[in-house]
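1. model this:
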Amino acid sequence: MTDSNYSHITIVADRSGSMSNIRTDAEGAINAFIQDQQKAEGRATLTLVDFDTEERFRVVFDDDLEGAPKYSLVPRGGTPLRDAIGLGIRQTGEKLACLDEDARPGNVFFVVQTDGQENSSVDWSQEAINELIKEHEEKFSWTFVFLATGPSAWQAAEMFKGTHMHSHNTVANSGGGNSHSHSVDYVSSNMAMTRGGHRIASYAATVDDLGNVAKRDEEVTAP
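-> As a prediction, the model looks like this:
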């Protein structure tokens, strides 16, 4: 039995050079997300990492959510997306495996935030990443969310075809105006509902500059 009152959240944030176009929105959205989750029901831990070609996996914070510092995004380099996801899954899995079974989180959320496609991974193939994601979705019931920004958002998501992250939990936005912030708010709201005892069947949606959400499936069922 796991602890139904405890959730773990891992955020893998793209800090590549192309993020410069939405740096302020992306940075503010992560900080707003953290603040919102601090108010949600139950205890939570947070692993926040970001990545680029100069540092493929930089751990910004890894502890109880309540102590999370303000995040600062400094864009640079390329996008080793697969490597960052693979390292994030491995680190999170190893961290949780060290806990006694009854002390493990009832909910594990793994959120990938990016504005582009893979262009510089060296250690992980797409096939290997998709198999790793599917294993953790099916065996451990992790919730993977792909939060994609810009006109190529849905194209980027196609890399993960065959996973629930692609079919149920891709959230895309135009990258213009406040669409990125609104899409992060939407993900945070769904996550808080899950932590409160609701089952979210699907996060899949497109979010526009005004915060309008075009759902791709029915997502909320009774607790």
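2. Spatially central residue in the protein, please.
-> Most central in the chain under Cα atoms, centre = their mean is Val111, positioned 0.8 Å from the mean C-alpha point.
3. Within the sheet, what are the partner strands of the helix or strand hosting it, with directions?
-> Using DSSP states H and E, Val111 maps to strand 105-114. Applying DSSP bridges to the sheet, strand 105-114 is found paired with strand 3-14 (parallel), strand 143-149 (parallel).
4. helices or strands next to the following helix or strand past the last one in the packing?
-> As assigned by DSSP H and E, the chain's next helix or strand after strand 143-149 is helix 153-157. Using 3 or more Cβ pairs under 8 Å, 6 or more residues apart in numbering; DSSP states H and E, the elements in contact with helix 153-157 are strand 143-149, strand 170-173. Where you see a C-beta, it was placed from the backbone N, CA and C, and this is true even at glycine.
5. Now find how far off-centre the first one is within its chain.
-> Here the centre of mass of C-alpha atoms in strand 143-149, compared against the chain's by Cα atoms, centre = their mean, to the nearest Å, lies 5 Å away.
6. One more: stretch 4-22?
-> Centroid separation between stretch 4-22 and its chain, computed with Cα atoms, centre = their mean, is 5 Å.
7. same question, stretch 168-175
-> 11 Å.
8. ends of it, how far apart?
-> Distance between the two ends of stretch 168-175: 21 Å, counting by Cα to Cα, to the nearest Å.
9. got it, and stretch 200-208?
-> By Cα to Cα, one end of stretch 200-208 lies 21 Å from the other end.
10. Over that stretch, what's the mean pLDDT, rounded is fine.
-> For stretch 200-208, the mean per-residue pLDDT is 93.
11. Check stretch 137-155 too.
-> In this model, stretch 137-155 has a mean pLDDT of 92.
12. for stretch 61-77, same thing?
-> In this model, stretch 61-77 has a mean pLDDT of 97.
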